[in-house]
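S.K.: Could you work out the structure for the sequence below:
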Amino acid sequence: MKRFPTAYVATAIAVAIGLGVVAFIFYSLPDKDAPQELRKMASMPSTLDFSTTQPSYLKKFIVSVTSSLDPIAINTMHGWEILVKTPEGAPVDNAKISAIGGMPVHQHGLPTAPRVTKNLGDGRYRLEGVKFNMAGWWELKIKIDTGSDQDTATFNLILR
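M.R.: Residues are numbered from 1 along each chain as shown. The predicted structure is shown next:
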């Protein structure tokens with residue numbers, strides 16, 4: 001039985017791995033006809049809304065967010081004020097508010113676990129423990145639960 005030299009085997013393995021990586025990258029990139037959610041993972045959509053006040057996804061609330069930092073600094077822990085109102089403009093008090101976030105292009109979340117630390121009254125809530133660790137497009141998702149209604153609002157940020 002004849003043996004192949006180790007260098008040949010190592011080269012064959014390296015080539016196979018390289019071709020596998022190239023194929024994975026090529027077939028992982030979504031094309032222009034791919035669903036929006038899949039395209040969103042590959043690049044930032046050109047139609048993003050950067051407003052700090054907007055209706056929640058199901059239109060149950062009007063939500064506003066304001067950072068304690070202006071401009072928002074990278075790698076700095078900071079807080080936000082969240083204002084929640086009904087579509088008619090009445091403040092939503094005593095709701096359960098939570099926040100998550102991340103970078104859709106990089107497919108990772110925030111490096112911290114922000115939480116609402118205080119109900120400030122008049123539909124205002126204090127969110128603390130927010131930190132963005134790099135420049136780019138971030139999403140901050142605010143979840144609202146009043147017990148009878150639940151909804152989410154997503155805010156887009158570009159950090160430089």
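S.K.: From now on I want contacts and neighbour counts done on CA atoms only, so please keep to that.
M.R.: Noted.
S.K.: Quick one: residues contacting Phe87.
M.R.: Wrong residue type there; residue 87 is Pro, not Phe. Pro87 sits next to 55, 59-62 when contact means Cα atoms under 8 Å, 6 or more residues apart in numbering.
S.K.: Pretty sure it sits in a helix.
M.R.: No - going by DSSP: H, G, I helix; E, B strand; the rest coil, the assignment for Pro87 is coil, not a helix.
S.K.: Next, format the contacts of Pro87 as CSV and append secondary structure, pLDDT and distance to Leu140.
M.R.: Shown next, in CSV, are the contacts of Pro87 (DSSP: H, G, I helix; E, B strand; the rest coil; pLDDT from 0 to 100; distance: Cα to Cα, whole Å):
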residue, secondary structure, pLDDT, distance to Leu140
Pro55, strand, 98, 14
Lys59, coil, 98, 17
Lys60, coil, 98, 18
Phe61, coil, 98, 16
Ile62, strand, 98, 15
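S.K.: need the residues you listed in CSV with neighbour count and distance to Phe155, can you?
M.R.: CSV is the format used below for the contacts of Pro87 (neighbours: other Cα atoms under 10 Å; distance: Cα to Cα, whole Å):
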residue, neighbour count, distance to Phe155
Pro55, 19, 11
Lys59, 14, 15
Lys60, 18, 16
Phe61, 26, 14
Ile62, 21, 12
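S.K.: quick one: contacts of whichever strand or helix holds Trp80?
M.R.: Here Trp80 sits within strand 78-85, counting by DSSP states H and E. The contact list for strand 78-85 (Cα under 8 Å, 6+ apart) reads 61-69, 91-93, 123-131.
S.K.: circling back: would you convert the contacts of Pro87 into TSV that also reports distance to Met77?
M.R.: Listed next are these as TSV, based on distance: Cα to Cα, whole Å:
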residue	distance to Met77
Pro55	27
Lys59	31
Lys60	30
Phe61	27
Ile62	26
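S.K.: Quick check: can you list the domain ranges of the chain?
M.R.: 6-42, 53-159 (automatic domain parsing).
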